[in-house]
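[1] Next come a sequence and a model predicted from it.
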Amino acid sequence: MKFNTKTIHGGQQHDPAYGSVMPPIYQTSTYAQSTPGGHKGYEYSRTHNPTRNALENAFASLENGNFGLAFGSGLAAIDAVLKLLKPGDEVVSTSDLYGGTYRLFTKIYEEFGIKFHFISMNNTDKIEEYITPDTKLIWIETPTNPMMNIIDIVSVSKIAKKHNLLLVVDNTFATPYLQQPLDLGADIVMHSATKYLGGHSDVVMGALVVKDKELADRLYFIQNASGAICGPQDSFLVLRGIKTLHVRMQRHCENGKAVAEYLAKHPKIENVYWPGLKSHSNHEIAKSQMKDFGGMVSFTTKGNNYEEAIKIVENLKVFTLAESLGGVESLAGHPASMTHASIPKEEREKTGVVDSLIRLSVGIEDEEDLIEDLRQAIG
């Protein structure tokens, strides 16, 4: 089954009760049993729910995995992965990553005795320098948030396999429409399904997808034991969003390209970060592992002027100044004071998250309106 068909039908079946084409919202906490332990596969909705299971099957199908898990948020999904570890274990992570991930790693799990190494992975040759006998996991985002760095998944997967490590890829920015990390050697794919998978800025959710049954069983146990599951209404909303993922992503990519090329030519803009530009340091790797280059664009103004960046985001009219990304509407953010404020200034500036950096989530509006909005805001 081709990807565009998978978004509509992948992992799905008509509801057996009445033939409902869309999985119904099973708004129930518990299920009747004919005898103690005698049920139809469902006993309590923290453990299983038919609407959530339909969504988890869809997640697995989109990523060419065998098992999907849905959580109450992207951070809940990340939390479940880290619960695979024990005190004394070490993690090698990219230094350029979502601020909430960094906060969870450093403020929660470092307190439990997990050690994290945050390094640039633009050149994967340096990764092995940080691997010790205690290393258990490599964590990467690609493209990264917000600097749009591209990490060679195949290269990292070879290192992970050589040292018997789990490789986790946060695939939120790319989505399975553009990139399927399990096919490139990853063990776990993570998504903030709040973003492109949901696609309409009306739900908060996280997802994990794996191929290996033993690993899936461990994660299902953590999901059930910790209880950070999503509800049936949210599951229904993301199922609905997934059905248009392919057509939305096509427009996100088209508009992202138009915006990036406009900004790259603007005399007041210093740097533009979008993997589709030939000037991007890992453009060729992006071409090799991505179908297209997405709708996330970051840029800095000349002179690294904080006040100028704030003025731009406040003057935008079509782009909304807001947290998050991946919805049909275009959003603009100032990472240093919003999504990455939890990272110390010295640390974030090492990765390029300077005070003049602006991150755009380019939506599916008319590209001429988006470019005109940037023109009037930048001046």
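    Cool, got the structure.

[2] List of residues touching the helix or strand of the chain with the lowest mean pLDDT?
    Using mean pLDDT, DSSP states H and E, helix 345-350 stands out as the lowest-scoring helix or strand of the chain, at a mean of 86. Defining contact as C-beta atoms under 8 Å, 6 or more residues apart in numbering, one finds that helix 345-350 is touched by 95, 99, 118, 335-336, 340. Heads up, the C-betas are built off the backbone N, CA and C, glycines and all.

[3] Using PDB, list the CA coordinates for that helix.
    Only the C-alpha atoms of helix 345-350 are listed here, as PDB (Å, rounded to 0.1, in the frame of the first residue of the first chain):
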ATOM      1  CA  LYS A 345      21.500  31.300  27.200                       C
ATOM      2  CA  GLU A 346      25.100  30.200  26.900                       C
ATOM      3  CA  GLU A 347      24.100  26.600  25.900                       C
ATOM      4  CA  ARG A 348      21.400  27.600  23.400                       C
ATOM      5  CA  GLU A 349      23.700  30.200  21.700                       C
ATOM      6  CA  LYS A 350      26.300  27.500  21.200                       C
END
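
[4] Just the pLDDT at residue 340, thanks.
    The model reports residue 340 with a pLDDT of 86.

[5] any idea how far residue 361 is from residue 339?
    11 Å (C-beta to C-beta, to the nearest Å).

[6] Just list the residues touching the closest residue to residue 363 other than its chain neighbours, thanks.
    Excluding its sequence neighbours, the residue lying closest to residue 363 (C-beta to C-beta, 6 or more residues apart in numbering) is residue 330, at 3.7 Å. Each residue near residue 330 by C-beta under 8 Å, 6+ apart is listed here: 255, 318-320, 360-363, 365, 370.

[7] out of those, what pair is the most spread apart?
    255 and 320 (14.9 Å; C-beta to C-beta).

[8] These two - which one has more neighbours?
    residue 255 (23 against 17; other C-beta atoms under 10 Å).

[9] elements contacting the strand or helix carrying the more buried one?
    Under the criterion of DSSP states H and E, residue 255 resides in helix 245-264. Where contact means 3 or more C-beta pairs under 8 Å, 6 or more residues apart in numbering; DSSP states H and E, helix 245-264 is packed against helix 3-9, helix 175-178, strand 269-273, strand 296-301, helix 367-378.

[10] Okay, strands next: where are they in the stretch 201-350 of the chain?
    Taking DSSP state E, counting those that start in this stretch as the criterion, the stretch 201-350 of the chain contains strands spanning 206-210, 269-273, 296-301, 320-321, 331-333.

[11] Residues contacting the second one, please?
    I take that to be strand 269-273. With C-beta under 8 Å, 6+ apart, strand 269-273 has contacts from 146-148, 260, 263-264, 279-280, 297-304, 352, 356, 378.

[12] Which stretches in the protein count as helices?
    Ranges of helices within the chain are 3-9, 50-62, 74-82, 99-103, 153-162, 175-178, 213-226, 232-242, 245-264, 283-289, 306-315, 345-350, 367-378, based on DSSP state H.

[13] show me the contacts for residue 219.
    Residue 219 neighbours (C-beta under 8 Å, 6+ apart): 67, 69, 80-81, 84, 188, 208, 210.

[14] Closest one to residue 287 out of those residues, please.
    Nearest member of these to residue 287, counting by C-beta to C-beta, is residue 188, at 24.7 Å.

[15] For residue 15, report the pLDDT, please.
    89.

[16] what number of residues lie near it?
    With other C-beta under 10 Å as criterion, residue 15 counts 16.

[17] quick one: contacts for it?
    Per C-beta under 8 Å, 6+ apart, neighbours of residue 15: 23-24.

[18] And for residue 297, the neighbour number?
    29.

[19] thinking it is in contact with residue 262, fair?
    No. The criterion here is C-beta atoms under 8 Å, and residue 297 misses it with residue 262 at 9.7 Å.

[20] Start from the N-terminal end of the stretch 51-200 of the chain and give the strands.
    Counting by DSSP E, counting those that start in this stretch, the strands of the stretch 51-200 of the chain are 67-71, 90-94, 115-119, 135-141, 166-170, 188-192.

[21] Let's have those in JSON lines, adding mean pLDDT, mean neighbour count and distance to residue 176.
    JSON lines is the format used below for the strands of the stretch 51-200 of the chain (pLDDT from 0 to 100; neighbours: other C-beta atoms under 10 Å; distance: least, C-beta to C-beta, whole Å):
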{"stretch": "strand 67-71", "mean pLDDT": "98", "mean neighbour count": "25", "distance to residue 176": "11"}
{"stretch": "strand 90-94", "mean pLDDT": "98", "mean neighbour count": "24", "distance to residue 176": "20"}
{"stretch": "strand 115-119", "mean pLDDT": "97", "mean neighbour count": "17", "distance to residue 176": "26"}
{"stretch": "strand 135-141", "mean pLDDT": "98", "mean neighbour count": "23", "distance to residue 176": "15"}
{"stretch": "strand 166-170", "mean pLDDT": "98", "mean neighbour count": "25", "distance to residue 176": "11"}
{"stretch": "strand 188-192", "mean pLDDT": "98", "mean neighbour count": "29", "distance to residue 176": "8"}
